[in-house]
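S.K.: let's see this in three dimensions:
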Amino acid sequence: MIKAVAHDTVKVKYIGRLSDGTVFDQSPEERPLHFILGKGEVIAGFDEAVIGMYQGETKTVTIPFQKAYGPSKPELIEVIDRKLLPEDLELEKGRQIEVTQQDDTRFYVSIVDFNDQTVTLDGNHPLAGKDLIFDITLNEVKKKPLE
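M.R.: Residues are numbered from 1 along each chain as shown. Take a look at the predicted model:
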């Protein structure tokens with residue numbers, strides 16, 4: 001049996017759920033997730049969960065938020081004057097919008113709440129502060145070539 005270790009290239013199928021059972025992501029059936037273990041290409045907890053698995057193995061893991069998208073940071077939540085947004089912007093709770101800063105860097109924020117005067121925007125990752133549950137199947141392990 002082939003065991004996955006750091007620097008191996010792996011292909012996995014997964015389903016990601018929240019503690020209430022809500023599915024937030026899953027790999028397409030025809031296209032498993034492909035990444036190199038230990039290179040930071042996936043969240044730390046997912047990487048750690050796959051290391052040590054055997055090809056063909058399936059397991060369920062709970063990844064604490066600290067090893068996923070980190071804590072939700074209150075300083076990334078801001079209430080702004082609605083007039084600062086384009087008039088034609090359709091406001092909807094949970095919708096992500098792209099924001100361009102004065103230095104032309106771009107990032108996404110989620111609309112948390114709004115009324116006639118203000119809009120509350122959240123710059124945290126939508127999964128920040130949440131423990132994540134993954135069902136993972138390790139389909140393939142390619143060993144790192146010897147140097």
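S.K.: next SSE after the helix or strand of the chain with the lowest mean pLDDT?
M.R.: Among the helices and strands of the chain, strand 96-100 carries the lowest confidence by mean pLDDT, DSSP states H and E, at a mean of 89. Going down the chain from strand 96-100, the next helix or strand is strand 106-114, by DSSP states H and E.
S.K.: got the contact list for Phe9?
M.R.: Quick fix: residue 9 is Thr, not Phe. The neighbours of Thr9, taking Cβ atoms under 8 Å, 6 or more residues apart in numbering as the test, are 34-37, 141-142, 144. Where you see a C-beta, it was placed from the backbone N, CA and C, and this is true even at glycine.
S.K.: at 10 Å instead, please
M.R.: 34-37, 39, 140-144 (Cβ atoms under 10 Å, 6 or more residues apart in numbering).
S.K.: next one: it, what pLDDT does it get?
M.R.: Predicted confidence (pLDDT) for Thr9: 96.
S.K.: ok, now how distant is it from Asp122?
M.R.: To Asp122, Thr9 is 35 Å away according to Cβ to Cβ, to the nearest Å.
S.K.: helices along this protein, start to end?
M.R.: Assigned by DSSP state H, the helices in the chain fall at 44-50.
S.K.: could you check how far Gln96 is from Ser110?
M.R.: Gln96 is 5 Å from Ser110, by Cβ to Cβ.
S.K.: for the chain, what's the longest strand?
M.R.: strand 132-142 (DSSP state E).
S.K.: list the helices and strands it packs on?
M.R.: strand 9-17, strand 23-26, strand 33-36, helix 44-50, strand 58-63 (3 or more Cβ pairs under 10 Å, 6 or more residues apart in numbering; DSSP states H and E).
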